[in-house]
Structures are given as structure tokens and as C-alpha cells.
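1. Pasting the sequence and the predicted model now:
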Amino acid sequence: MIDVKDLFTKNYIDKEVEIEGWVRNHRKQKEFGFIDFNDGTYFKSVQVVYEDNLEDFLEIQKIKVGSSIKVKGKLIKSPKEEQNFEISATKITLLGDCDEDYPIQPKRHTREFLREQAYLRPRTNLFNAAFRVRSITAMAIHTYFQDRGYVYVNTPLLTANDGEGAGEMFLTTTMDLANIKKDKDGNIDFKNDFFGKKVGLTVTGQLEAEAYAMAYKRVYTFGPTFRAENSNTKTHASEFWMIEPEIAFCDLEQLMDIEEDMLKYIVKYVLENAKEEMEFLDKFVEKGLIKKLEKLINSKFIRLTHEQVITLLKEANTEFEFKPEYGQDIAKEHEKYLTEYYDAPVFITNWPKDIKAFYMKLNDDNKTVAAVDLEVPSAGELMGGSQREEDYNKLINRMKELNMQTQDLEWYINLRKYGTCIHSGFGMGFERLLIYLTGIDNIRDVIPFPRTPNNCDF
């Protein structure tokens, strides 16, 4: 038994082959029929041709779309220009029949409809391409870091710390929700819970990764994270994956070098290893997708401070819906203007401390932190990182400014007491990256089984 991929990558012309897979389409004529056959090992399907000289011709004609079959036959050159070869079948065996109500028929389906059929949608061309690109991209990420001496760290999904301090954690409990025990002040008494304390699903693996960077120098996490943010945009999900490297003896400038190098590597890897899928996406999802990605590989990333960005926006001959202001965050329209102005990806550094997280390195001006966001053309923010605050007293003071409870993060703070050093890291949402790579503009369509507000099916 061979794979369909072998038919496209090796020479089987005029040889007998035997394959197993599924029927994508079945077109029947009086004396012959055509089956579009795919086994999942290759993006393209192979055409199977059978004629009425087969013993069970009438039974074969009853085979429905979606059924699994075994095909024996000879691989021959095709008379059609659009395909190089086809299989002339000598035997077709039905392995698994498919009911008439099979939802994935050979016609165009809306993405909204296919989300309702998430367990079947990888059988369509669009999602077959999307999720193979997802797999190849994941391999690119691991390859990049492994080849450069990073240690892959599996950080916990259950945690007692809200790493971002935004209070958007999903809480977990084994307590009876109909009979929650409370303390004398009327607060939930988590001492009765499984872990004896308030625990939730992680929003980031960064803090734990920092601890391991202090032992291995270069580490990365790559796994699921969770945000209980009631947002129904195309770029937000309640469960998503994050890539989070942490590097010791690395300042902000060095961090940007790594971010640029990593992104270019991943894009190049995907273009080289998902050619058929990327050509399909370029043709049917985002015209010019491959050209856009090739341009990024050859771009020199721009580096600007937040103050320089705001000055540029204020001087722009453009009416923005949200007026750019010093000390404030920037909007999507600002990101778009910025990347179009430079026609290249842009790093924005030295952000106002009041809009950034507690762990970021305080700059000498006491107003900004050594943080960086990467904005890319047509997608906006793709990565966010910073030099971490390595000074024990400054970190304590910053947490007090934000009224944070230091005792819950004592272990993290103590890293500054036990052999502290300059260190930096960044986070990149895996699905945000996939949106950019595939041209598919909704995060729900680059996650196999999306979890969003009021949606946790399958």
C-alpha cells in the first residue's frame, strides 16, 4: 500500500499501485466513471478512472462522496492537460460507506457553515491547506529554536498566577458550584478547593520560562494559553497557542534581531515546505499572498520608539478616527498607516510604562519601559516582547505601584536575588501568525476546534 504523496513525488508511471483513502467527488457516466481520490497525505487529489468491464461496475457506481475505498490499478499518463496522471482502476473496494446526508458535498460551502462541521471541514481544500500549513509552521518554529540551542520548556496550564495582571483568567474548581463555601467576609473560601488556593488556566508561560532561562540561557515555550476575554473579533479566541522564547544575557536590541530572524526563517520554511497549499491559498484566499511573504523575507525591519511613532502619526496628512497621543496606545489604523508608510515591518520600542506589564524593564526616564511590538504590513501587531526587569527593588516597587500582591509571585521576584542578569523575551500568538501566513482572516478558521465566547462545541 502506498500514499498518494508517493504518486506525486516518485515515479510510478505504468506501474501497478494500491491505495486507500476517501472519495472527494464521483462523476458517473453510462460506461465509465471518475473518482476524485484523496488519502490526506498530499494536498492534491488523484483521479481514478474505471470502466464497465469491471466485474462489479454497477456496485462501484453506487459509491457515494465521503466513502472510504481501496483502489488497485495502473498509474498512467493523463490525456488531460491539467493533470499529469490518473489511475486506471482494475479493482475498487468499498471500505466504509457514507450516508446520503454527508454535509461535505462537492460544492462551495461558506466558512460559517463549515465551522458548524468542524470535525469534517479538514476534508475540504481550504481547511486541508490551512491545517497542513499549521502543522508545517509548528515544525518550522521547533526547528528554528532547536537548531539554535534553545531548550523546549513545557510550562503549566494550571497556575495560581495571572502573568499579565489583566484578570482575564478562567478559574478552575472542583467545588460544588451550587454550594460554594465562603469565609467570614463573604469571599469564596478556596481552602476547600482541590489545590487549596485560587487557580486558573494560564494566560502565559512567560514567568515560568524566565526561571528556566536562568538555568539554560535560551528556552522557549510553545503551547496553549487561555483568556476569559469576552471579545468576538476575528482575531480573538478563548483558547489559542503561544510561542514564548526567553533569553538570558539578551537586551532589547538583541531581542529584535532574534524576532526578525525567526519570523523570516518561519516564512521561508513554510513557502518551501507547503508549496501546493500556499499556491492554493494565493489563488483562492488572498491574491498576492506569496509575493507578500517573499517581500517580508527580503525586508529590512524598521525600528522606531513609541514617541517617534506618535510624532509621525501626528504629522501625517491623514484624518484618523482615533487621534494619536503621547503616552497612549496606538490603534489598528495607526498600525496600518505605519507599515504602509515604510512599506516594511516596524518595531515600536520604549512604550509608556502605564500601558505595559509590570515585569518590563524600566528605562532611565522612569516614564517608559524597554518593550517592543512588531507591526507587519496587512496584519498589524504580530509579536510583543520586552527586556525584563532584572533589578529586584525596581520590580518590587513597580508591583506595589500597580497594587499587586507580591507574595503570590515571590518565587518569580527571587530570580532577581539569585544570580540576576539582563534577560529578554517575546510572545507571538500562533494563530495570529497563521492568519498572516494563510490569508485566512478569521482566527476561528486556523484553529481545528475554536473556543470563543458562547462556543465550546466538539
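-> Cool, got the structure.

2. how about low-confidence regions in the stretch 301-450 of the chain?
-> In the predicted model of the stretch 301-450 of the chain, no residue satisfies pLDDT under 70.

3. show me where it has helices.
-> Counting by DSSP state H, counting those that start in this stretch, the stretch 301-450 of the chain has helices at residues 306-315, 332-342, 392-401, 410-414, 430-438.

4. Turn the ones you listed into CSV, columns for mean neighbour count and distance to residue 228.
-> Just so you know, the C-beta spots here come from the backbone N, C-alpha and C atoms, and that holds for glycine as well. What follows is the helices of the stretch 301-450 of the chain, written out as CSV (neighbours: other C-beta atoms under 10 Å; distance: least, C-beta to C-beta, whole Å):
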stretch, mean neighbour count, distance to residue 228
helix 306-315, 17, 29
helix 332-342, 17, 23
helix 392-401, 15, 22
helix 410-414, 13, 22
helix 430-438, 24, 17
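
5. could those helices go into JSON lines alongside distance to residue 371?
-> Shown next, in JSON lines, are those (distance: least, C-beta to C-beta, whole Å):
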{"stretch": "helix 306-315", "distance to residue 371": "8"}
{"stretch": "helix 332-342", "distance to residue 371": "15"}
{"stretch": "helix 392-401", "distance to residue 371": "13"}
{"stretch": "helix 410-414", "distance to residue 371": "18"}
{"stretch": "helix 430-438", "distance to residue 371": "18"}
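
6. For residue 176, find the nearest of these.
-> In this view, these are compared for proximity to residue 176 by C-beta to C-beta, and helix 410-414 is the closest at 31.3 Å.

7. Model confidence for residue 277, exactly?
-> Here the pLDDT value assigned to residue 277 is 98.

8. Now do the same contact list for the residue lying closest to residue 227 once chain neighbours are set aside.
-> Distance criterion C-beta to C-beta, 6 or more residues apart in numbering; nearest residue to residue 227, sequence neighbours excluded, is residue 168 at 4.9 Å. Residue 168 is in contact with 162, 203, 227-229, counting by C-beta atoms under 8 Å, 6 or more residues apart in numbering.

9. a helix runs through residue 168, doesn't it?
-> No - under DSSP: H, G, I helix; E, B strand; the rest coil, residue 168 sits outside any helix and is assigned coil.

10. Residue 348 is in contact with residue 304, correct?
-> Yes - in this structure residue 304 lies within contact range of residue 348 using C-beta atoms under 8 Å: 5.9 Å.

11. These two: which is more packed in?
-> With neighbours defined as other C-beta atoms under 10 Å, residue 304 and residue 348 compare such that residue 348 has more, 25 against 18.

12. what about residue 451, how many residues close to it?
-> Neighbours of residue 451 using other C-beta under 10 Å come to 16.

13. downstream neighbour of the helix or strand hosting residue 130 in the secondary structure list?
-> Element membership of residue 130, judged by DSSP states H and E, is helix 125-147. Using DSSP H and E, the helix or strand that follows helix 125-147 in sequence is strand 151-152.

14. Neighbouring strands - and their directions - for that following strand?
-> Paired with strand 151-152 in the same sheet, following DSSP bridges, are strand 218-226 (parallel).

15. For residue 23, which three-state class applies?
-> Quick answer, by three-state DSSP: residue 23 is strand.

16. can you tell me which residues contact the closest residue to it other than its chain neighbours?
-> Leaving aside its chain neighbours, residue 23 sits nearest to residue 67 (5.0 Å; criterion: C-beta to C-beta, 6+ apart). Taking C-beta under 8 Å, 6+ apart as the criterion, residue 67 is in contact with 22-23, 94-98.

17. Pull the number of nearby residues for residue 259.
-> Residue 259: 22 surrounding residues under other C-beta under 10 Å.

18. Cross-check the contact I'm expecting between it and residue 384.
-> No - assessed by C-beta under 8 Å, residue 259 is found out of contact with residue 384, at 9.9 Å.

19. ok so, going back, for residue 149, which of the helices of the stretch 301-450 of the chain is the nearest?
-> If we rank the helices of the stretch 301-450 of the chain by C-beta to C-beta, the stretch that ends up nearest is helix 430-438, at 21.9 Å.

20. CA atoms only for the closest one, dumped as PDB, please.
-> Taking Å, rounded to 0.1, in the frame of the first residue of the first chain, the C-alpha atoms of helix 430-438 are listed here in PDB:
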ATOM      1  CA  PHE A 430       0.500  31.200  16.800                       C
ATOM      2  CA  GLU A 431      -2.900  31.800  15.300                       C
ATOM      3  CA  ARG A 432      -2.100  35.400  14.500                       C
ATOM      4  CA  LEU A 433       0.900  34.200  12.700                       C
ATOM      5  CA  LEU A 434      -1.200  31.700  10.700                       C
ATOM      6  CA  ILE A 435      -3.700  34.400   9.800                       C
ATOM      7  CA  TYR A 436      -0.800  36.300   8.200                       C
ATOM      8  CA  LEU A 437       0.700  33.200   6.600                       C
ATOM      9  CA  THR A 438      -2.500  31.800   5.000                       C
END
